[in-house]
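Chemist: I would like the atomic coordinates for the input below:
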Amino acid sequence: MNKNYYAVLMAGGVGSRFWPVSTEAYPKQFHDMLGTGKTLIQKTFDRLNKFIPTENILILTNERYNDLVLQQLPQVKQEQVVLEPAMRNTAPCILYAALKIQKMNPDAVMIVAPSDHWIEDEQAFENDVRACFDKCEKEAVLCTLGIQPTHPNTGFGYIEFEKADSSPLKKVVQFREKPDLETAKEFLAQGNFLWNAGIFMWGVNTIVAAFKAHQPTQYHLFEGGISCYNTAEETDFIKENYPKAENISIDYAILERSEAIFTLPATFDWNDLGTWGALYEKLDKDANHNAVVNAKTLFEDSKGNMVRSTDGKIIVVDGLEDYIIVDNEDVLLIYPKAKQQDIKKVRGQVKDTFGDQHV
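Modeler: Residues are numbered from 1 along each chain as shown. The predicted model follows:
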């Protein structure tokens, strides 16, 4: 394995659209969402660990998930778990991790990847990441993996690349916000737009220099801790200074301001598993298009449903079409798939009505 390859796994989110399985205490990345025998963070770690040394993989997460990370990834040492004492979006934590890696190995190239995506062709994923790493080792560029759109999705941001660029890695023209349906259809018709999967690669020196140029206040805040990164003093510095960081995404902070960004259209299947409907798409279905995780089910006059329960529970469904049915320890959700984006809002209503312990 290449000792200059590093990975930063983003594992701090709550996954509120996967409520009631995903909760603040136990978010979706720590669940086996598809019934494969491995949780999403375990699958993601294993995928990266095929070509990135175990000790070079950092897990970025909230303080409250430290024990979950160590339980599910026993091969990881405590010093590889980078803990955020406050929620500050993606830019501060990526800069923090980059400075730690730069201090360990100034020749490092790194990938930043969400811990809850589903990728089946892991060899194609590795090939694509290596292609980006090769470019990042030779040039001071930022790279991202773009996903070829299969439909005009309004839930993703898009990457517009130069249409005339015939090279595999294409120059990015601009990042586009989540569009409305008509705009998404226009993007697809133009043919030079990809979904932004939030998977980034760069040389550690390149990304630190980008922060220095485009986010000087943020850079100087974290640069002040260089002497104590990867030492016993790091925790105290971060507890004091991390909450002072601006709450800003890496897209706004760096990517939309940089001139040297390239995208590689991914050659692998990808699913961000952002909603119950996205999970439904990845599951095997019966003849009536019902999908089941864990439960023992009996369907009557029912089709297009997604059922998930605690392991081995018997669930009988009669006369339902296109519903999400999730039976958790203390919550039963029966909800139309067509309204799945509202589950986040419903979760808030349950919190207000019944208290924090259920969300």
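Chemist: So which residues of the stretch 51-200 of the chain form strands?
Modeler: Along the stretch 51-200 of the chain, counting by DSSP state E, counting those that start in this stretch, strands occupy 57-62, 81-84, 109-114, 142-147, 158-161, 170-176, 193-203.
Chemist: Now do the longest one, average pLDDT.
Modeler: This predicted structure assigns strand 193-203 an average pLDDT of 94.
Chemist: Moving along the chain from it, name the first helix or strand you hit.
Modeler: The C-terminal neighbour of strand 193-203 among helices and strands, as given by DSSP states H and E, is helix 204-214.
Chemist: Quick check: pLDDT value at the residue nearest to residue 148 when sequence neighbours are not counted.
Modeler: Ranked by CB to CB, 6 or more residues apart in numbering and with sequence neighbours excluded, the top spatial neighbour of residue 148 is residue 265, at 5.6 Å. Placement of C-beta: from N, CA and C, glycine included. Looking at residue 265, its pLDDT reads 93.
Chemist: next one: the one 3 residues further on
Modeler: At residue 268, the pLDDT value in this model is 90.
Chemist: Phi and psi next, for it.
Modeler: phi -110, psi 160 (degrees, to the nearest 10).
Chemist: give the contact list for it.
Modeler: By CB atoms under 8 Å, 6 or more residues apart in numbering, the contact set of residue 268 is 119, 120, 121, 122, 124, 125, 128.
Chemist: 6 Å instead, please
Modeler: Residues counted as contacts of residue 268 (CB atoms under 6 Å, 6 or more residues apart in numbering) are 119, 121, 124, 125.
Chemist: same deal with residue 254?
Modeler: 210, 214.
Chemist: mind checking how far it is from residue 245?
Modeler: 14 Å (CB to CB, to the nearest Å).
Chemist: returning to that earlier point: which of the contacts of residue 268 tops the neighbour count?
Modeler: residue 125 (24 neighbours; other CB atoms under 10 Å).
Chemist: how close does that one get to residue 48?
Modeler: Counting by CB to CB, the gap from residue 125 to residue 48 is 9 Å.
Chemist: Could you do residue 57 as well?
Modeler: To residue 48, residue 57 is 6 Å away according to CB to CB.
Chemist: Are there residues contacting both of these two? Which ones?
Modeler: Common neighbours of residue 57 and residue 48, using CB under 6 Å, 6+ apart, are residue 7.
Chemist: Report the residue ranges of every domain in this structure.
Modeler: Domain ranges of the chain: 5-265, 276-358, per automatic domain parsing.
Chemist: of all those domains, which gets the most neighbours per residue?
Modeler: Of all those, domain 5-265 carries the top mean neighbour count, a mean of 18, counting by mean count of other CB atoms under 10 Å.
Chemist: Which parts of the stretch 201-350 of the chain are strands?
Modeler: Counting by DSSP E, counting those that start in this stretch, the stretch 201-350 of the chain has strands at residues 261-265, 291-293, 296-300, 306-308, 314-318, 323-327, 332-336.
Chemist: Could you dump these into a markdown table and include distance to residue 7?
Modeler: Converted to a markdown table, the strands of the stretch 201-350 of the chain look like this (distance: least, CB to CB, whole Å):
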| stretch | distance to residue 7 |
| --- | --- |
| strand 261-265 | 17 |
| strand 291-293 | 28 |
| strand 296-300 | 38 |
| strand 306-308 | 29 |
| strand 314-318 | 38 |
| strand 323-327 | 31 |
| strand 332-336 | 34 |
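Chemist: Nearest to residue 4, out of the ones you listed?
Modeler: strand 261-265 (19.3 Å; CB to CB).
Chemist: Strand 170-176 and that closest one, what's the angle between them?
Modeler: Strand 261-265 runs at 100 degrees relative to strand 170-176, counting by axes from the mean of the first three to the mean of the last three CA atoms, to 10 degrees.
Chemist: can I get the CA coordinates of strand 261-265 in PDB?
Modeler: Below are the C-alpha coordinates for strand 261-265, written out as PDB (Å, rounded to 0.1, in the frame of the first residue of the first chain):
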ATOM      1  CA  ILE A 261     -10.800  21.900  -9.700                       C
ATOM      2  CA  PHE A 262     -11.300  18.800 -11.800                       C
ATOM      3  CA  THR A 263     -14.000  16.100 -11.700                       C
ATOM      4  CA  LEU A 264     -13.800  12.500 -12.800                       C
ATOM      5  CA  PRO A 265     -17.200  11.000 -13.900                       C
END
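Chemist: and it, what does it pack onto?
Modeler: Judged by 3 or more CB pairs under 6 Å, 6 or more residues apart in numbering; DSSP states H and E, strand 261-265 is in contact with strand 142-147, strand 170-176.
Chemist: Can you list the neighbours in contact with that strand?
Modeler: Residues contacting strand 261-265 (CB under 6 Å, 6+ apart): 128, 132, 141-146, 148, 159, 161, 169-172, 194.
Chemist: Excluding chain neighbours, give the residue nearest to residue 174 in space.
Modeler: Nearest to residue 174 is residue 160, by CB to CB, 6+ apart, at 5.2 Å.
Chemist: pLDDT value on the one you found, please?
Modeler: If you check residue 160, the pLDDT there is 93.
Chemist: Quick check: it vs residue 113, distance?
Modeler: Taken as CB to CB, the span from residue 160 to residue 113 is 22 Å.
Chemist: What distance do you get for residue 231 to residue 24?
Modeler: In this view, residue 231 and residue 24 are 31 Å apart by CB to CB.
Chemist: I meant to write residue 70 there.
Modeler: Using CB to CB, residue 70 is found at 19 Å from residue 24.
Chemist: cool, and residue 347?
Modeler: Look at residue 347 and residue 24: by CB to CB, they are 10 Å apart.
Chemist: most centrally placed residue in this protein?
Modeler: In the chain, the residue lying closest to the centroid (CA atoms, centre = their mean) is residue 114, at 2.4 Å.
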